[in-house]
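Colleague: Sequence isn't available, so here's the structure alone:
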């Protein structure tokens, strides 16, 4: 399987202090999308990227993913994605709808999407994926908890948004062979990790982190590094 570039975002909003560096300012995010389009690339949801890959038409596409399902995706990111003709996949925590990022202390408190936000996002043409229920590291979960995090979250989100929830994203990027098999058995068509591994590529797709410091020059370097590493991995 070829390695198309997939970018990993989290939150898009104005933020004065973020020790985990998961927040991108809206003007920075707009600049990143503008640079991408001027370079001849278009950001798309994972379902579109994978369909294009199978059809052999993914050469100028980049996967855009947003972990955790922050409410600012609806208010800040989605309008900019629409402005630049892009789509994205949002990996939502089905058990924390309307809550906040309690796992990220001492980082800034951030609101998570509500059920209405999830439906609105799906209706706008974005892809809804699962990030599990509660943002737990899955390798530490027992069999019943793993089944719930993977299977129950998929069922809940599918019923909520009316989409087939085909994608999963491992909390903290932590994944092993057991977790891959659980995701596959739950009926997902793909899953996103973070770094590269020897696991099934379809169910542990590597991604490139994007933060607020990534202007045009840094993005260009990340693009080049990805092409070099991906070429060596084939």
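Modeller: Sure thing, it's come through. Every value quoted in this text rests on a predicted model; they were computed, and no experiment measured them.

Colleague: Longest strand in this structure, please.
Modeller: If each strand of the chain is counted by residues according to DSSP state E, the longest one is strand 61-68.

Colleague: Report the mean confidence score over the next helix or strand after it.
Modeller: Helices and strands here follow DSSP states H and E; after strand 61-68, the next one along the chain is helix 72. Confidence over helix 72, taken as the mean pLDDT, stands at 98.

Colleague: Residues in contact with the helix or strand following helix 72: which ones?
Modeller: Scanning the chain past helix 72 towards its C-terminal end, the next helix or strand to appear is helix 78-83 (assignment: DSSP H and E). With C-beta atoms under 8 Å, 6 or more residues apart in numbering as the test, helix 78-83 has contacts from 12, 26, 29, 30, 33, 43, 64, 87, 88, 121, 124, 126. Bear in mind the C-beta positions are built from the backbone N, C-alpha and C, glycine included.

Colleague: and with 6 Å instead?
Modeller: 29, 30, 88 (C-beta atoms under 6 Å, 6 or more residues apart in numbering).

Colleague: out of everything not next to it in sequence, what's closest to the residue nearest the centre of the chain?
Modeller: Centrality entry for the chain: nearest residue to the mean C-alpha point is residue 65, 2.8 Å, by C-alpha atoms, centre = their mean. Ranked by C-beta to C-beta, 6 or more residues apart in numbering and with sequence neighbours excluded, the top spatial neighbour of residue 65 is residue 89, at 4.9 Å.

Colleague: For residue 192, see how far away that neighbour is.
Modeller: When distances are taken as C-beta to C-beta, to the nearest Å, residue 89 and residue 192 turn out to be 8 Å apart.
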